[in-house]
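**Q** Need coordinates for the below:
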Amino acid sequence: QVQLVESGGGLVQAGGSLRLSCAASGRSFSRYYMGWFRQAQGKEREFVAAINWSGGWTYYADSVKARFTISRDNAKNTVYLQMNSLKPEDTAVYYCAGRQSFSISSSVNAWEYDYWGQGTQVTVSS
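**A** Alright, predicted model coming up:
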């Protein structure tokens, strides 16, 4: 079992950057497929990005492709989301999620993940 804690959210102007971190507890982090989701107020949670256990495979939602980068450091039990060229429509609570898997399939559904963090707010002003 793993516990996830996100950090790094905040208020930024459009065009700016933020880096989110998700720290995982437990000794088996390197076995986990990790993802980032977001939920804007009044909207459903949506997939943002995913990364396989080694970091060698990543997948992005079309809305963030070329602007966001997901990465991980298994030695630090941490997954990151670097967000550049932020837009007001990126405003949301961002969640990291994980499941124990060596898969490299594109898991874009929330139900595919077993563990979730509490979320961190990202607000992009225009």
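
**Q** got the contact list for the spatially most central residue of the chain?
**A** Centre of the chain computed as the mean C-alpha position; nearest residue by C-alpha atoms, centre = their mean is residue 36, 2.3 Å away. The neighbourhood of residue 36, defined by C-beta atoms under 8 Å, 6 or more residues apart in numbering, consists of 20, 22, 48, 49, 50, 70, 79, 81, 94, 95, 96, 97. (C-beta placed from N, C-alpha, C; glycine too.)

**Q** Which pLDDT value goes with it?
**A** Note on residue 36: pLDDT of 98.

**Q** ok, it to residue 27 distance?
**A** Residue 36 sits 23 Å away from residue 27, going by C-beta to C-beta, to the nearest Å.

**Q** if we can go back for a sec, can you tell me which of the contacts of residue 36 is closest to residue 122?
**A** Looking at the contacts of residue 36 and their distance to residue 122, the nearest is residue 94, at 5.5 Å (C-beta to C-beta).

**Q** what number of residues lie near the closest one?
**A** Residue 94 has 23 neighbours, counted by other C-beta atoms under 10 Å.

**Q** One more: residue 89?
**A** Neighbours around residue 89, by other C-beta under 10 Å: 11.

**Q** In a helix, it, correct?
**A** Yes. The assignment for residue 89 is a helix, going by DSSP: H, G, I helix; E, B strand; the rest coil.
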